[in-house]
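# Give me coordinates for this.
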Amino acid sequence: MIVLLSIAVGCLEFYLNSIGRFETKQTQLVWGFVFVVLTIVWTLDDVKKRKFEKPFDFGFLMYVFWPIAFPYYLVSTRGIEGLVHIAGFLALWLGPWMAGLVAYVYVYE
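Prediction:
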């Protein structure tokens with residue numbers, strides 16, 4: 001789901017930048033919020049699969065401390081492979097922005 005949404009937002013940003021228009025700040029804010037929520041949902045599902053010991057309010061803590069808690073969870077459950085997962089999630093998050101940047105450079109250069 002998160003991959004499809006990342007591709008969709010990337011296509012939207014690419015299209016808008018290629019015709020000389022830009023995404024609004026609200027659209028970017030919604031994408032950031034949806035991305036964080038979907039990564040938390042993915043984490044909560046992954047916790048069940050890996051039988052990770054979690055506190056009662058794990059979902060809330062993930063939401064509040066997401067920039068710290070999400071990478072910590074990935075590294076603590078997967079070790080070095082968690083760094084690859086972090087890079088993958090960063091690519092999904094920044095991919096739409098990069099697509100828009102490519103379109104912008106293509107149109108204005």
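# What's the local residue count around the nearest residue to Leu83 once chain neighbours are set aside?
Leaving aside its sequence neighbours, Leu83 sits nearest to Val75 (C-beta to C-beta, 6 or more residues apart in numbering; 6.7 Å). Glycine gets a C-beta too; all of them are placed from N, C-alpha and C. Val75 sits with 15 neighbouring residues when counted by other C-beta atoms under 10 Å.
# Next: Ser6.
Counted by other C-beta under 10 Å, the residues lying close to Ser6 total 22.
# so what's it closest to, chain neighbours aside?
Leu92 (4.4 Å).
# Is the one you found inside a helix or a strand, and which specific one?
Assigned by DSSP states H and E, Leu92 falls within helix 81-108.
# Excluding covalently adjacent residues, which one is nearest to the one residue sitting closest to the centre of the chain?
By C-alpha atoms, centre = their mean, the chain has its centre lying nearest to Trp93, at 3.6 Å. Using C-beta to C-beta, 6+ apart and skipping the chain neighbours, the partner closest in space to Trp93 is Phe35 (5.4 Å).
# Around the one you found, count how many other residues there are.
19.
# What is the helix or strand of the chain with the lowest mean pLDDT packed up against?
Sorting the helices and strands of the chain by mean pLDDT, DSSP states H and E puts helix 58-64 at the bottom, at a mean of 85. Using 3 or more C-beta pairs under 8 Å, 6 or more residues apart in numbering; DSSP states H and E as the contact criterion, the elements in contact with helix 58-64 are helix 25-50, helix 66-78.
# cutoff 6 Å now
Secondary-structure packing of helix 58-64 (3 or more C-beta pairs under 6 Å, 6 or more residues apart in numbering; DSSP states H and E): helix 25-50.
# in the helix it packs on, what counts as buried?
28, 31, 35-36, 38-40, 43, 47 (16 or more other C-beta atoms under 10 Å).
# Since that was my last question, I'll sign off now.
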